[in-house]
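Peer 1: coords please:
(one chain, ligands or ions: 1)
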Amino acid sequence: MYADVHTHLTHRAFSGEQDDVAVRAARAGLDCVIVNGLEPRSNREVLTLCARHPHLYPALGIYPVDAVAASIDRASWTYGFEPPDVFDVDEEMDFIDSVADQLVALGECGLDQYWVRDQAAEQERVLRRFCQIALAHDKPLILHSRKAEQRTLDIVLEMGITRADFHCFGGKLKLAKQIAEKGFYLSIPPVVIRSQAFQRIVQEVPLDRLLTETDAPYMGPDAGERNEPSTIPRAVAAMAELVHLPVEQVRDILRQNCRDLFGV
Ligand SMILES: [Zn+2]
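Peer 2: Next comes the predicted model:
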């Protein structure tokens with residue numbers, strides 16, 4: 001069987017199709033899909049969606065860009081999408097804390113210095129609170145670390161975190177190896193089929209520290225196409241080729257890694 005440890009089935013790209021996508025994932029051989037929330041709306045949708053499908057598991061968090069929505073300067077926001085809605089970040093962390101025992105992980109959470117570059121202190125405050133919630137409920141973290149990879153690692157180590165997945169890691173290979181040496185995991189998306197950076201991580205980081213994710217609807221195997229959890233077997237086949245091992249063996253190691261970290 002296969003696992004997708006990081007996906008966004010509440011994204012509007014899946015609206016009206018969430019249940020079909022969940023069924024297609026099961027048909028493709030996935031018995032574990034961890035659906036990650038990003039802000040109040042998706043966090044609640046994750047809980048109701050996962051309650052409908054036994055192979056879907058919830059992780060709730062606050063995306064680091066949403067975490068600083070209140071201080072984003074909307075006039076100078078020049079990206080081709082709307083800035084995130086403002087909400088009460090502390091109230092949302094209280095909510096996540098209150099339901100943490102129903103979750104398989106806290107996430108997605110972390111730091112982002114790609115979309116927002118001047119809100120590091122507030123992002124770090126939120127990440128520290130997620131570390132506290134994870135420790136109090138004995139749950140692993142699913143971490144976003146774009147353009148802040150070293151800082152994310154430093155903070156989780158300082159907070160005493162021992163169980164975490166660095167999702168879609170975009171930092172240096174040397175740092176990826178250090179993350180693995182600390183006992184943390186890196187989850188590899190299906191874009192590995194065409195991304196040299198992820199191919200190098202697969203070849204250089206021990207297989208027992210890797211996981212599979214889709215980050216759907218993003219990071220798919222085919223450029224410009226909507227990604228979904230059912231693409232995981234294609235990613236695992238590509239990973240097996242990269243490490244020159246039989247695909248069944250690589251599939252089983254990666255599935256076991258998910259059990260070891262998330263318990264599902
Ligand atoms: Zn994500």
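
Peer 1: CA atoms for contacts and neighbours, from now on please.
Peer 2: Noted.

Peer 1: ok, and for the host helix or strand of E92, which residues are buried?
Peer 2: Applying DSSP states H and E as the criterion places E92 in helix 89-99. Neighbour-count burial for helix 89-99, counted by 16 or more other CA atoms under 10 Å, picks out V89, E92, M93, I96, D97.

Peer 1: tabulate those residues in JSON lines, adding columns for pLDDT and distance to R151.
Peer 2: JSON lines is the format used below for these (pLDDT from 0 to 100; distance: CA to CA, whole Å):
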{"residue": "V89", "pLDDT": "98", "distance to R151": "21"}
{"residue": "E92", "pLDDT": "98", "distance to R151": "24"}
{"residue": "M93", "pLDDT": "98", "distance to R151": "21"}
{"residue": "I96", "pLDDT": "98", "distance to R151": "24"}
{"residue": "D97", "pLDDT": "98", "distance to R151": "24"}
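
Peer 1: which one of those is nearest S230?
Peer 2: Of all the buried residues of helix 89-99, I96 has the smallest distance to S230: 28.1 Å, by CA to CA.

Peer 1: who touches that closest one in this structure?
Peer 2: Counting by CA atoms under 8 Å, 6 or more residues apart in numbering, I96 touches L60, G61.

Peer 1: 7 Å - rerun?
Peer 2: With contacts defined as CA atoms under 7 Å, 6 or more residues apart in numbering, I96 is in contact with L60.

Peer 1: tally of neighbours for the nearest residue to H144 once chain neighbours are set aside?
Peer 2: Nearest residue to H144 in three dimensions, chain neighbours excluded: G110, at 4.8 Å (CA to CA, 6 or more residues apart in numbering). For G110, the neighbour count with other CA atoms under 10 Å is 33.

Peer 1: what of Y114?
Peer 2: Other residues close to Y114 by other CA under 10 Å number 11.

Peer 1: can you point out the buried residues in the helix or strand containing A180?
Peer 2: Using DSSP H and E, A180 sits in helix 173-181. Within helix 173-181, the residues scored as buried using 16+ other CA under 10 Å are L173, A176, K177, I179, A180.
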